[in-house]
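*Asks:* everything below, folded, please.
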Amino acid sequence: MSYSTYTTEAIVCGTYDRNTTDRSFLLFTRDGGMLYAQARGVRKEGSRQRSALQDFTRVRVSLIRGKSGWRVGSVEALLNYYALADERTARGSIVALTKLVRRFARGEEPMPSVYDFVEAALAMLARPTPDRPFLDAYIHMHFLAQLGYVALETLPASLRVADLALAPTLACPDHLARLSLQLESAISHSHL
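*Replies:* Below you'll find the predicted structure:
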């Protein structure tokens, strides 16, 4: 019996140890949504996949669909956003966005636009920025809006467009307060 292999980009959103040398990975993939994949022997010292499959890393991965779920074939690390961040606050922003992705991105369905937004947002969060609380709230709001948890019509027109390059110019205390209120409401009313 032959199995199909799928190669896609993914962001490693979580790792779970299994048995002695095996590990499960929660991968947010561009072409397959959120899925779990198993890797055998990845915790061994000599494993080539060990360094590539770290949390917060964007990877190009070959996945094999078997009877018991997804298995990791080959993997190539492209960028670790956590290691890229110089500041403690930047690393905190990366962790917060990854936790939000883990919580709200569900199911094995293609989400290329959401994946592209998260990838661009992680790259932006890794850089130093003076208005980090506003940027965090802006990114979280637009991520939840793309998944259907937030109606952007309740926000001012300038905040409705998901343009990460424009986001730093929109930072002000009033906008931060409105985004924070909307986020709080959306997260508390979600079923997750």
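*Asks:* going forward, measure contacts and count neighbours with C-alpha atoms only.
*Replies:* Fine.
*Asks:* and the strand of greatest length in the chain, what does it pack onto?
*Replies:* Ranked by residue count under DSSP state E, the longest strand found in the chain is strand 5-18. Using 3 or more C-alpha pairs under 8 Å, 6 or more residues apart in numbering; DSSP states H and E as the contact criterion, the secondary-structure elements in contact with strand 5-18 are strand 22-29, strand 57-66, helix 88-104.
*Asks:* what residues does that strand touch?
*Replies:* Contacts to strand 5-18, defined as C-alpha atoms under 8 Å, 6 or more residues apart in numbering, come from residues 23-31, 53-65, 98-99, 101-102.
*Asks:* quick check: buried residues in stretch 150-165?
*Replies:* Residues of stretch 150-165 classed as buried by neighbour count (16 or more other C-alpha atoms under 10 Å): 150, 152, 159-160, 162, 164.
*Asks:* using JSON lines, lay out those residues together with distance to Ala39, pLDDT and secondary structure.
*Replies:* As requested, these are arranged in JSON lines below (distance: C-alpha to C-alpha, whole Å; pLDDT from 0 to 100; DSSP: H, G, I helix; E, B strand; the rest coil):
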{"residue": "Val150", "distance to Ala39": "36", "pLDDT": "88", "secondary structure": "coil"}
{"residue": "Leu152", "distance to Ala39": "40", "pLDDT": "86", "secondary structure": "helix"}
{"residue": "Leu159", "distance to Ala39": "41", "pLDDT": "90", "secondary structure": "helix"}
{"residue": "Arg160", "distance to Ala39": "40", "pLDDT": "89", "secondary structure": "helix"}
{"residue": "Ala162", "distance to Ala39": "36", "pLDDT": "86", "secondary structure": "coil"}
{"residue": "Leu164", "distance to Ala39": "35", "pLDDT": "90", "secondary structure": "coil"}
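*Asks:* and the two most separated of those residues?
*Replies:* Based on C-alpha to C-alpha, the longest span within the buried residues of stretch 150-165 runs between Val150 and Leu164 and measures 17.8 Å.
*Asks:* touching, Tyr138 and Ala167? I think so.
*Replies:* Yes. With contact defined as C-alpha atoms under 8 Å, Tyr138 and Ala167 form a contacting pair (7.3 Å).
*Asks:* who's more crowded, those two?
*Replies:* Per other C-alpha atoms under 10 Å, whichever of Tyr138 and Ala167 has more neighbours is Tyr138, with 25 against 17.
*Asks:* quick one, domains of this protein?
*Replies:* Following the assignment in automatic domain parsing, the chain carries domains at 5-81, 82-189.
*Asks:* point out the most buried one among these.
*Replies:* Burial of the domains of the chain is given as mean neighbour count (mean count of other C-alpha atoms under 10 Å); domain 5-81 ranks first at a mean of 18.
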